[in-house]
Each structure stands twice: as structure tokens, then as C-alpha cells.
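Asks: Mind looking at a prediction? Sequence and model below.
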Amino acid sequence: MSQAMVQLSEVTGEGRHAYKVVEHEEEDNLEHVHLLHIPAENLLISNNAPKISIRDLHRYTDSGDLILSEISLDISAGTVLGIIGPSGSGKSTLLRAINRLWEPAQACVFLDGKDITTLDVISVRRRVGMLFQLPALFDGTIADNLNYGPSLKKEKLSHEKMVELLRYADLDASFLSKSVVGLSVGQSQRVALARTLANNPEVLLLDEPTSSLDPVSTQNIEETILNLKLQKGLTIIFVSHSLKQVQKIADVVCVLANGNIVEMTHPSELQHSTHPVVRRLLEAS
Ligand SMILES: Nc1ncnc2c1ncn2[C@@H]1O[C@H](COP(=O)(O)OP(=O)(O)O)[C@@H](O)[C@H]1O
Ligand SMILES: [Mg+2]
């Protein structure tokens with residue numbers, strides 16, 4: 001494949017994964033579309049040990065109301081898991097437990113088989129990066145923002161590394177010297193993503209990352225998520241309010257309702273579900 005811009009879309013299951021590859025050749029500026037079939041055993045995701053394991057994760061409010069009820073699930077390395085469910089169903093709480101923004105009970109959340117409550121919390125947050133609905137950037141340039149994480153380890157990113165991080169987030173090198181003031185929300189979200197990637201995370205948590213973005217920025221972020229899975233082998237867990245988005249980019253979908261998993265399946269299987277919450281999601285999409 002040439003040094004061309006590659007856009008990926010469409011992922012299918014059943015042991016074979018097909019990616020629609022659109023190459024923009026620099027020489028002739030033409031779009032070349034072809035399908036790239038990759039046997040599952042050749043993919044980075046072919047790793048049986050779960051990257052993240054959740055066992056009987058539960059949470060109640062101080063007044064005893066249920067937020068999460070005995071959640072258990074495994075996510076293998078390189079998988080994109082989409083979490084969907086009504087507002088207040090516990091999606092953000094579940095996500096926040098995975099990098100200890102909310103502290104889970106002991107022996108409920110495991111990263112590479114290790115109980116995350118026994119690991120250094122800063123190292124957990126580096127290995128498990130998070131992106132929120134609204135990007136929060138620091139004042140300064142985009143380069144300053146990218147260097148924030150590394151500077152805490154007394155490291156400085158090379159120019160090449162910063163350009164590479166921006167490229168993953170679909171931004172060009174000219175952004176490095178720009179101030180964050182004046183960026184659109186979509187651009188800010190992509191800078192926030194590049195900044196998270198600067199910590200070299202193994203797992204990415206995304207909490208409704210596109211719900212404040214316009215359709216074009218949304219598509220950019222969706223393509224970026226697929227690229228990160230494919231090129232970096234990242235394990236990605238994202239909360240979405242859009243069933244269409246989940247069906248587009250997730251390998252596995254988890255439907256939450258009232259703090260319980262009511263469905264965990266391949267996105268294309270969701271249509272066969274008889275659960276009323278899933279039926280409502282399908283009808284609304
Ligand atoms: N710290 C907290 N104290 C009390 N209730 C909370 C707290 N955090 C979340 N909740 C409640 O737990 C439920 C799930 O919240 P959340 O995980 O944010 O849901 P979702 O992201 O699916 O909308 C909501 O009813 C919310 O009000
Ligand atoms: Mg939420």
C-alpha cells in the first residue's frame with residue numbers, strides 16, 4: 001500500500017473482518033476503493049486473555065438506590081465495545097470504574113488480569129485513557145496540550161511524535177503551534193484525543209465522544225476509532241447514544257438498563273433481541 005491517506009469503514013464479524021479501504025493516492029489524487037479481508041487469526045485482536053475483566057461490579061447511592069448491579073463482562077484486547085442504554089442506566093459509572101475515576105470495590109475490575117485497585121492509580125489512568133463528551137483543553141498551544149501527560153514524567157515529545165499523534169486524530173502538523181482558543185468543538189475533541197494518545201494508552205474509554213459534534217466531525221472521530229483499533233490494536237470502550245454509531249464501529253455491543261446488562265452481543269444480532277429496552281432503541285434509530 002502506498003503512503004496514501006487511508007480511510008476505513010465497515011467491519012464484519014464471523015471470523016473474517018472486512019475493511020473497506022479508500023486510498024487517496026497523492027500522485028493522481030484519485031480514490032481507490034477496495035476491500036481488505038483479514039482472517040481473524042491474523043488480527044491484533046486475536047488474543048484470548050481478556051484485556052479488561054469486570055466481575056460483579058456493583059454500586060449503590062448513599063441512600064441505597066441501585067446504580068450498577070453485579071456487572072460482569074470480559075473485553076479481549078483490540079476489541080471495540082459499544083455501550084448503549086437509556087440516560088441514567090449507569091453507562092458513565094461503568095466506564096469511570098475502569099480507570100478509577102470512580103473507585104470500584106477490590107477484585108471487581110482487572111486490567112491484564114491484575115486488580116486495578118492494587119495498581120498505581122496514575123499508571124492505570126495512563127494505560128486506560130479517557131475522553132469525555134466535551135473536550136477540556138488547557139490554555140496554550142496544541143503542542144503544550146500534547147506534552148502535558150509526558151511532562152508529568154519529565155519527558156518531552158519529539159516534533160515527529162507530535163505530528164504522528166495529530167495524524168491519528170486526523171489533524172495536520174500546522175495545528176501544533178496554534179492556540180486552543182478558536183478551535184471548533186470537533187477540532188478540540190480531536191486534540192483531546194491526541195493528548196490522550198500521548199500517554200500511549202492500551203485501552204481507550206470514550207464517554208459519548210461525538211454527542212456535541214457536527215456530522216462531519218462525528219464521522220472523523222468514528223474513522224479515527226476504527227484506525228486506532230486497526231493500527232494500534234487499542235482496546236476501545238465507548239458509550240454512545242446512537243445505535244447507528246454502535247452498529248458502525250463496535251465489534252460487541254452491551255446494552256445497559258437500570259444498572260444491569262440486558263444484552264451483550266454482536267451489533268448485527270441486536271435486531272433479534274426481544275428486550276423492551278433494545279426494541280425501543282431499535283425503533284428510535
Ligand atoms: N455520585 C453519585 N451519587 C448519587 N447518584 C449517582 C452518582 N453518580 C451517578 N448517580 C446516579 O446513577 C445513575 C447512573 O448514572 P450514570 O452512570 O451517569 O448514567 P448514564 O451515563 O447511563 O446516563 C443515575 O441515576 C445517576 O443519577
Ligand atoms: Mg453518561
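Replies: Received the coordinates, thanks. Numbering: from 1, shown residues only. Ligands and ions are numbered 1, 2, ... in the order given.

Asks: distance between stretch 183-203 and the chain's centre?
Replies: The chain centroid and the centroid of stretch 183-203 are separated by 11 Å under C-alpha atoms, centre = their mean, to the nearest Å.

Asks: Tell me the buried residues in it?
Replies: The neighbour-count check on stretch 183-203 (16 or more other C-beta atoms under 10 Å) flags 183, 186-199, 201-203 as buried. Every residue, glycine included, has its C-beta placed from N, CA and C.

Asks: What about these, which are in helices?
Replies: Mapping the buried residues of stretch 183-203 onto helices (DSSP state H) picks out 186-197.

Asks: out of the residues you listed, who's nearest Leu152?
Replies: Arg195 (12.1 Å; C-beta to C-beta).

Asks: center of the protein, which residue is that?
Replies: Nearest to the mean C-alpha position of the chain, by C-alpha atoms, centre = their mean, lies Ile236 at 3.8 Å.

Asks: what's the pLDDT at that one?
Replies: Ile236 is assigned 97 on the pLDDT scale.

Asks: do the same with Ala136
Replies: We have a pLDDT of 86 for Ala136.

Asks: now Ser72
Replies: pLDDT for Ser72: 95.

Asks: which residue ranges form the strands in the stretch 151-285 of the chain?
Replies: Taking DSSP state E, counting those that start in this stretch to define them, one finds strands in the stretch 151-285 of the chain at 203-207, 235-239, 252-257, 260-265.

Asks: give me the beta-bridge partners of the residue nearest to the centre of the chain?
Replies: In this structure, Ile236 bridges to Val80, Leu204 when assessed by DSSP bridges.

Asks: does it really touch Pro201, like I thought?
Replies: No. If you go by C-beta atoms under 8 Å, Ile236 and Pro201 don't touch, sitting 9.8 Å apart.

Asks: before we move on, the earlier item: how about the ones in helices among the buried residues of stretch 183-203 in a markdown table, adding distance to Gly90 and pLDDT?
Replies: Listed next are those as a markdown table, based on distance: C-beta to C-beta, whole Å; pLDDT from 0 to 100:
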| residue | distance to Gly90 | pLDDT |
| --- | --- | --- |
| Gly186 | 28 | 90 |
| Gln187 | 31 | 92 |
| Ser188 | 27 | 93 |
| Gln189 | 24 | 91 |
| Arg190 | 28 | 92 |
| Val191 | 29 | 95 |
| Ala192 | 24 | 95 |
| Leu193 | 24 | 93 |
| Ala194 | 29 | 95 |
| Arg195 | 27 | 95 |
| Thr196 | 23 | 94 |
| Leu197 | 27 | 94 |
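
Asks: From these, list the ones also adjacent to ligand 1.
Replies: Among those, no residue is within reach of ligand 1 (C-beta under 6 Å from any ligand atom).

Asks: Using a markdown table, lay out the residues you listed together with distance to Asp139.
Replies: Shown next, in a markdown table, are these (distance: C-beta to C-beta, whole Å):
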| residue | distance to Asp139 |
| --- | --- |
| Gly186 | 19 |
| Gln187 | 16 |
| Ser188 | 12 |
| Gln189 | 17 |
| Arg190 | 18 |
| Val191 | 13 |
| Ala192 | 14 |
| Leu193 | 19 |
| Ala194 | 17 |
| Arg195 | 14 |
| Thr196 | 18 |
| Leu197 | 21 |
